[in-house]
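Visitor: Sequence plus the predicted model coming up.
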Amino acid sequence: MRTPESIKDKPELKGSFRALRFIPRFFMEIWRTNRFLFLSNLLCRLLNAFVPIALLWVGKLIIDEIVLQVSLDETDLSALWMYVGAELVLALLSDLLSRAIGLTDGLLGDLYANASSIIIIRKTKDITISQLEDPDFYDKLERARQQTTSRVNLMSESLTQVENIISMISLIAGLIYFEPWLLILLVLSIIPSFINEIKFSSRRYSLARSWTAERRELDYLRYIGANDQTAREVKLFGISDFIAGRFQKVSDEYYQLNKALAIRQTSFGAVFNMLGVLSYYGAYVLIILRVIAGVLTLGDLTFLSGSFNRLRGNLQGFFLRFTRITERALYLRDYFDFIDLVVEDPSDQSLPVPKVIREGFKVKNLSFAYPGSAQNVLTDVSFTLRPGEKMAFVGQNGAGKTTLIKLFLRFYEPTSGEITLEGVNISRYNRDQYQQLFGVIFQDFFKYEFTMRENIAVGNIDELENMERIEVAAERSLASEVISELELGLDQQLGRRFAQGKELSGGQWQKVALARAYMKDANVLILDEPTAALDAKAEYEVFQRFIGLTQDKTSIIISHRFSTVRMADRILVLREGRLEELGTHEELMQNKGLYAELFELQAAGYR
Ligand SMILES: Nc1ncnc2c1ncn2[C@@H]1O[C@H](COP(=O)(O)OP(=O)(O)OP(=O)(O)O)[C@@H](O)[C@H]1O
């Protein structure tokens, strides 16, 4: 079990200061987001920074003037009214500036949050599937994604800090002018609480970071426990208490650690803060004595005690903000780590992909184990996929069919052996171009909560406006039947998340997903269990069309239905990652091996 002490594994003070090195880069990002807003914000803050000293100074002038006028026989109040007028103008200006700062902060924050979300989405596109499936990497992505609001707060906090510093310099100048020793008293009283704050912020970060995996679990439990997609199963299986119990256990442990830290931080903070209060009253007494001795005026007294009090507040604010800034800057590191992640440049491989495929693909002694696992999912697989050939992959669950597809698509690198296209290892081709060769529908295809048209067009988003192409694709995949039943046709919003969304049945969704495969004029079509949710008639029709429409295309079909599989030119049978058989339906039936056995089993089920 972790304790607050065991979280000390990260360097504290030094680590906190080091995190600040990301701030300039952060500000460069904000500057690039919107220069005008950024400059306007800085200008308003610069002006606002001088308002406190100006107000205190005018206050001092007013009091001294009143004292003077009271002592005179003949009063002249013109200067006094001028000072009061100046104070009024300052008060109005301060209000205007604060509003302008609030406005530009908000607008800039929104723009920055949008821009950084887009940066994260774009970066995720360049990341390989194997990186995305790596839990450490996934944590980094999660942290980068979740900290968007924190980065927006960091922006306004840092800008406020700049304003605060300028304001303090002006107040310090005033103090030095009258009584420099007040300043020493002030600084000495505030330093211990500053160190305390920094120390605890670093620990809080370590705690949050070391709990990333658990917080991910909490998010997941929250999601499955209260979600329309899972509600049916959660209710019927009665697992709500199980989920709530698991949530409670993990969240309690985190809460206890966090609580222990918070209590310690608050207790230490209270003691150190007392020093600050004492120092203020010490200074106050000293100023009063100087006024009584006739060294300072009554106006000086209000100016100095006001300045001292304000400075104390500012300094405290400065240190508190400083710790919050360093805390958030630590998270900034996660964000920049993610942004800077070295990804394979998809355009790095210089070989262009051949326009026409003549030789086809050759798989040679291919073996593969998933990263971090010692167990081979594929072992020594060799075969040829000829151009225009329709091949089916068959095998029991977990035999490695989808994994073989992932290797064809270059989502992973083989552990040994290779796949070649036209005699060249596929890893040598330009990755983007290479992947464009394929039109793929995965068994766990995604149901986008977009409109019907967009759902089909994701197969080739450049053709979003090409209604003819979308309609033809829908026709081929039988999605047109689904569209004709929708009130708004292609413009119908799908899913239940958004207003007027229409949920489709499993088979209807599958037809929509299939249409995506026809959107692109891909050379190689891969359908991974594309018809699992279709009824028998629809499946037969879909495949008849598929075979007819893709005569010149190379294709791979994964299916557990042998009525579909037998339509393929050749069938590749995998058993526990090894190639067991390869041949036409007739050849394999004659072979009387695994294929014939599985085929007979299924056929018997229909008799
Ligand atoms: N991302 C992954 N990381 C680690 N192991 C994985 C991953 N994906 C799949 N596996 C493992 O690889 C093996 C083969 O999985 P694969 O999905 O290729 O099987 P399949 O033949 O397509 O099965 P099915 O018919 O059930 O879809 C399985 O044992 C699975 O646990």
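Guide: Arrived safely. Numbers count the residues shown, from 1 in each chain.

Visitor: List the buried residues of the helix or strand encompassing Lys511.
Guide: Here Lys511, judged by DSSP states H and E, is contained in helix 506-519. Buried residues in helix 506-519, defined by neighbour count with 16 or more other CB atoms under 10 Å: 507-519. For every residue, glycine as well, the C-beta is placed using N, CA and C.

Visitor: try stretch 223-235
Guide: Those would be 224-225, 234, for stretch 223-235 by 16+ other CB under 10 Å.

Visitor: How far off centre is the helix holding Lys511?
Guide: 29 Å (CA atoms, centre = their mean, to the nearest Å).

Visitor: near the ligand too, which of the buried residues of stretch 223-235?
Guide: Taking CB under 6 Å from any ligand atom as the test, the ligand is in contact with none of the buried residues of stretch 223-235.

Visitor: Closest one to the ligand out of those, please.
Guide: Ile224 (20.2 Å; CB to the nearest ligand atom).

Visitor: Tell me the spatial nearest neighbour of the closest one, not counting adjacent residues.
Guide: Nearest non-adjacent residue to Ile224, counting by CB to CB, 6 or more residues apart in numbering: Thr230, 4.7 Å away.

Visitor: Please determine how far that neighbour is located from Leu93.
Guide: Here the criterion is CB to CB, to the nearest Å. By it, Thr230 lies 56 Å from Leu93.

Visitor: before we move on, back to that, touching the following helix or strand past the helix holding Lys511 from outside, list them.
Guide: Using DSSP H and E, the helix or strand that follows helix 506-519 in sequence is strand 524-528. The contact list for strand 524-528 (CB atoms under 8 Å, 6 or more residues apart in numbering) reads 357, 401-402, 405, 408-409, 437-443, 514, 517, 546, 550, 553-559.

Visitor: picking that back up, identify, from the buried residues of stretch 223-235, the entry nearest to Leu320.
Guide: Leu320 lies nearest to Gly225 out of the buried residues of stretch 223-235, by CB to CB, at 36.2 Å.

Visitor: The closest one reaches Glu233, doesn't it?
Guide: No: in this structure, Gly225 is not within contact of Glu233 by CB atoms under 8 Å, at 11.4 Å.

Visitor: just so I have it, where are all the strands in the chain?
Guide: For the chain, the strands defined by DSSP state E cover 361-368, 378-385, 390-395, 416-421, 424-425, 438-441, 524-528, 554-558, 570-575, 578-583.

Visitor: out of those strands, which comes closest to the ligand?
Guide: strand 390-395 (5.4 Å).

Visitor: and this structure, which of its residues are near the ligand?
Guide: Residues of the chain lying near the ligand (CB under 6 Å from any ligand atom): 133, 370, 373, 377, 395, 397-403.

Visitor: Just among the residues you listed, which is most surrounded?
Guide: Lys401 (25 neighbours; other CB atoms under 10 Å).

Visitor: Specify the beta-bridge partners of the residue nearest to it when sequence neighbours are not counted.
Guide: What sits nearest to Lys401 in space, not counting adjacent residues and going by CB to CB, 6+ apart, is Phe393, at 4.4 Å. Phe393 has these beta-bridge partners by DSSP bridges: Ile558, Leu572.

Visitor: give the contact list for Phe393.
Guide: Here Phe393 is in contact with 401, 404-405, 556-558, 571-572, 574 (CB under 8 Å, 6+ apart).

Visitor: What of Trp211?
Guide: So Trp211 contacts Tyr254 (CB under 8 Å, 6+ apart).

Visitor: and Glu487, what does it touch?
Guide: Lys502.

Visitor: any idea how far it lies from Gly501?
Guide: Applying CB to CB to Glu487 and Gly501 gives a distance of 12 Å.

Visitor: again with Leu141
Guide: From Leu141 to Gly501 the distance is 28 Å (CB to CB).

Visitor: Equivalent analysis for Trp81, please.
Guide: Distance from Trp81 to Gly501, by CB to CB: 67 Å.

Visitor: now the helix holding Lys511 and strand 524-528, what's the angle there?
Guide: Per axes from the mean of the first three to the mean of the last three CA atoms, to 10 degrees, the angle that helix 506-519 makes with strand 524-528 is 170 degrees.

Visitor: so helix 506-519 versus strand 554-558, what angle?
Guide: Here the directions of helix 506-519 and strand 554-558 differ by 160 degrees (the same axes, to 10 degrees).

Visitor: What helices and strands are in contact with helix 506-519?
Guide: strand 438-441, helix 452-457, helix 467-477, helix 479-484, strand 524-528, helix 536-549 (3 or more CB pairs under 8 Å, 6 or more residues apart in numbering; DSSP states H and E).

Visitor: pLDDT weak spots in the chain?
Guide: Scanning the chain with the threshold set as pLDDT under 70 gives 1-16, 344-349, 605-607.

Visitor: out of everything not next to it in sequence, what's closest to the most centrally placed residue in it?
Guide: In the chain, the residue lying closest to the centroid (CA atoms, centre = their mean) is Arg145, at 1.7 Å. The shortest distance from Arg145 to any non-neighbouring residue, by CB to CB, 6+ apart, is to Ile120 (5.9 Å).

Visitor: Distance of the one you found relative to the ligand?
Guide: Separation of Ile120 from the ligand (CB to the nearest ligand atom, to the nearest Å): 22 Å.

Visitor: same check, this time on Leu341
Guide: 19 Å.

Visitor: Tell me which residues are up against stretch 584-593.
Guide: Here stretch 584-593 has contacts from 565-566, 568-571, 573, 580-581, 583, 595-596, 599, using CB under 8 Å, 6+ apart.

Visitor: quick one: contacts for Asn258?
Guide: 204, 207.

Visitor: Pipe the helices and strands packed on helix 506-519 into JSON lines and attach mean neighbour count per row.
Guide: Listed next are the helices and strands packed on helix 506-519 as JSON lines, based on neighbours: other CB atoms under 10 Å:
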{"stretch": "strand 438-441", "mean neighbour count": "20"}
{"stretch": "helix 452-457", "mean neighbour count": "24"}
{"stretch": "helix 467-477", "mean neighbour count": "19"}
{"stretch": "helix 479-484", "mean neighbour count": "19"}
{"stretch": "strand 524-528", "mean neighbour count": "22"}
{"stretch": "helix 536-549", "mean neighbour count": "16"}
